[in-house]
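Visitor: quick one, structure for this:
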Amino acid sequence: MWKTLTSLILSTLAWSHAAERTEPTRPNLVVIMADDLGYGDLGCTGSRQIPTPHIDRLARQGVFCSRAYVTAPMCAPSRMGLLTGKFPKRYGITTNPNTQIDYLPETHYGLPQTETCLPAYLKRNGYTSAAIGKWHLGHTEGYTPVDRGFDTWWGFLGGSRHYFEHKPEAQGLNPSRIETNTGADTKISYLTDDIARESVRFIRRQKQSGKPFFLYAAFNAPHWPLQAKPQDLEQIKNVRPGGRRTYCAMVHALDRAVGDILAAIDETGKTNDTIVIFLSDNGGAPHSPACNAPFKGEKRLHYEGGIRVPFIVRYPADKRLAPGSTCGQIVSTVDILPMMLAANGMNPPQELDGTDLLRLLPMQDNREKRTLYWCTDYTSAILDGDSKYILVPDRAPQLYDLSRDHIETNDLYPTHIGKASPLAGKLGSYLTTTPACRYPDAVSWSSGLLKQYSAAKPATQPQPEVTNE
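Guide: Numbering: from 1, shown residues only. Here you go, the predicted model:
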């Protein structure tokens, strides 16, 4: 009898604890995304040239993910992967919409309407969502932020634009006119500051609503063109005048914008219940003064410099997450959507590629095997555990063991072809069971990509300079 009673008590306690773990918490979510930010261009990632006190403070208050990946080494598919929780090749997106092909309608250059975005899921649980800044997921009717579940929209639909007021703004596949559905002012002072201002306004409006919210603050900084405010250039005294100095000033402005957003969250009194994520959409761009140290490669490449990004998560309410800690587990931006579904007591759809990010963050080493895929028009890669296999069409496959060679200088393929075979099989299955690309890249971009792979090498951190100013 006592054994039965004890068993019943233990079962009841176990059920109770399980119920506590699955009870919906409905946290707010703020995703702050940089654009083409070099991995090494933050204080917390080793920069000695760029002051980034607010982002560094966020890292001290949260968890820095040292092995975090985006879903593509370029802007549009990377952002699509984050908002859908799926690798973009699953729905035929392999590149940016750079050049329109005559036989394809403009609607073909957006995220397919078959895909559900994060704000649409959250709306079912009473969330209010805002997209502020750069979109790049489609610019025609049915593909804009308000069509994909966002309640508030302020920004531009294309992939790049000037930081200061500029006429005329580009249209076609890159519409860069500022627009909004809120009636807010669309005049530009300096775009990084403007995106921060509109993000702060949205956060403040949520203070009295009592509803959980999702803010997607998608900056275009420090993406080309290189344009900085004079007062920000003044803050970069240890870099000679030129492109690198302007770029550093742009990152410093981005850091100030992050500080404004964090301060607005504090004002609401909801800091404890708000998940804040800071990241870049991919590595620093080729021919940019960005620094992807210590990694090899840059934007558009499947080397670590193109797809591994600074990734910080702060969520004070989750006591598993030690402030100032480092997560060594492989994580991906596809993990953000299932994290929010889990926090709301929802089971993620089976077709998602991610898992609950909060579950992974306490892991200090790479204990849970992940398999991630990347694909452009002509190149592809798979990361299976610590083994990375890369296919570039004009050369032999490449194989790297990232646990021992994170800068990818020791290609194991010539001497370990047998180890590459299972990876080739998995990657081949992925490529042949997913849709072909909805739109091809420009020929000039594709040919340039091969030259990028040939020239790629590990980056080194630039040191402060003497400027004689």
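Visitor: tell me which stretches of the stretch 301-450 of the chain form strands.
Guide: 311-314, 325-327, 331-332, 371-375, 380-384, 387-391, 398-401 (DSSP state E, counting those that start in this stretch).
Visitor: which elements pack onto the third one?
Guide: Meaning strand 331-332. strand 68-69 (3 or more CB pairs under 8 Å, 6 or more residues apart in numbering; DSSP states H and E). In short, each C-beta sits where N, CA and C put it, glycine included.
Visitor: could you redo the last one with a cut-off of 10 Å?
Guide: strand 63-65, strand 68-69, strand 311-314, helix 357-360 (3 or more CB pairs under 10 Å, 6 or more residues apart in numbering; DSSP states H and E).
Visitor: given that strand, what are its sheet partners and their directions?
Guide: strand 68-69 (parallel) (DSSP bridges).
Visitor: before we move on, what about the first one?
Guide: Strands flanking strand 311-314 in the sheet, each with its direction: strand 63-65 (antiparallel), strand 274-280 (antiparallel) (DSSP bridges).
Visitor: quick one: closest of those to Arg256.
Guide: strand 274-280 (13.6 Å; CB to CB).
Visitor: tabulate the CA atom coordinates of that closest one in CSV.
Guide: Extracted in CSV, the C-alpha atoms of strand 274-280 (Å, rounded to 0.1, in the frame of the first residue of the first chain):
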residue,chain,number,x,y,z
THR,A,274,11.4,40.2,-22.5
ILE,A,275,13.7,38.0,-24.6
VAL,A,276,16.2,40.3,-26.4
ILE,A,277,18.2,38.8,-29.3
PHE,A,278,21.0,40.7,-31.1
LEU,A,279,22.6,39.2,-34.2
SER,A,280,23.7,40.0,-37.8
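Visitor: how far away from the center of its chain is that strand?
Guide: 9 Å (CA atoms, centre = their mean, to the nearest Å).
Visitor: what's the average pLDDT for it?
Guide: What strand 274-280 shows for mean pLDDT is 98.
Visitor: quick one: Asn344 from Thr25, how far?
Guide: To Thr25, Asn344 is 8 Å away according to CB to CB, to the nearest Å.
Visitor: where do the contact lists of those two overlap?
Guide: Common neighbours of Asn344 and Thr25, using CB atoms under 10 Å, 6 or more residues apart in numbering, are Pro212.
Visitor: ok so, going back, would you turn the strands of the stretch 301-450 of the chain into CSV with distance to Thr432?
Guide: As requested, the strands of the stretch 301-450 of the chain are arranged in CSV below (distance: least, CB to CB, whole Å):
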stretch, distance to Thr432
strand 311-314, 31
strand 325-327, 33
strand 331-332, 22
strand 371-375, 12
strand 380-384, 11
strand 387-391, 13
strand 398-401, 20
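Visitor: the helix or strand where Asp194 lies to strand 274-280, inter-axis angle?
Guide: According to DSSP states H and E, Asp194 maps onto helix 191-205. If you take axes from the mean of the first three to the mean of the last three CA atoms, to 10 degrees, helix 191-205 sits at 170 degrees to strand 274-280.
Visitor: could you say what helices and strands helix 191-205 packs with?
Guide: For helix 191-205, the packing partners by 3+ CB pairs under 10 Å, 6+ apart come out as strand 28-34, strand 128-134, strand 152-156, strand 213-218, helix 243-268.
Visitor: same list (the strands paired with strand 311-314) but as a markdown table, adding distance to Met80 and mean neighbour count.
Guide: Formatted as a markdown table, those follow (distance: least, CB to CB, whole Å; neighbours: other CB atoms under 10 Å):
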| stretch | distance to Met80 | mean neighbour count |
| --- | --- | --- |
| strand 63-65 | 20 | 24 |
| strand 274-280 | 15 | 24 |
